[in-house]
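In: Sharing a model that was predicted from the sequence below.
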Amino acid sequence: MTTYAESGIRAAQESFFMGIHEYNYKNGHFKDRITKETSCRDTINTLLASPLVTQPEKEKLRLARASLLEMEKALTIPISQFELLVKSMPLMNVFDIFTEDAKR
């Protein structure tokens, strides 16, 4: 049985892939580095290490990484669905960086 945390992490991973590939984040710079198989943690770390990512974007990514760590903890320590939703919001809100970049 898939847990809410597993589903949330998978959804975030798919969102990162979509933002990078379909929204052409940073003019496609990360397309060869981030694939469907790239974990959320590795995706976030790759983006944080890049000079192309702005400081405001990096701030959102840092919050997303903290959120991801909370979700990963929930894989082994059960928490309520509501608590998981609250803890996952920064991770889900990181998608804004892709939509904002696409407008430029």
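Out: It's in.

In: Could you find the closest non-adjacent residue to Ala66?
Out: Pro90 (6.8 Å; C-beta to C-beta, 6 or more residues apart in numbering). The C-beta positions use only the backbone N, C-alpha and C, and glycine is treated the same way.

In: Which strand or helix spans that neighbour?
Out: Using DSSP states H and E, Pro90 falls within helix 81-93.

In: Can you mark which positions in that helix are buried?
Out: 84, 87-88, 90-91 (16 or more other C-beta atoms under 10 Å).

In: thinking again about what came up before, so who does the residue nearest to Ala66 touch?
Out: 60, 63-64, 66-67 (C-beta atoms under 8 Å, 6 or more residues apart in numbering).

In: Kindly recompute the last result at 7 Å.
Out: Applying C-beta atoms under 7 Å, 6 or more residues apart in numbering to Pro90 gives the contacts 63-64, 66-67.

In: quick one: which of the residues you listed is nearest to His21?
Out: Using C-beta to C-beta, Ala64 comes nearest to His21 of these, at 17.9 Å.

In: moving C-terminal of the helix or strand of the chain with the lowest mean pLDDT, what's the next helix or strand?
Out: One helix or strand of the chain scores below all others by mean pLDDT, DSSP states H and E: helix 81-93, with a mean of 84. Using DSSP H and E, the helix or strand that follows helix 81-93 in sequence is helix 96-103.

In: Which strands or helices does that next one pack on?
Out: helix 55-73 (3 or more C-beta pairs under 7 Å, 6 or more residues apart in numbering; DSSP states H and E).

In: Right, I'll leave it there.
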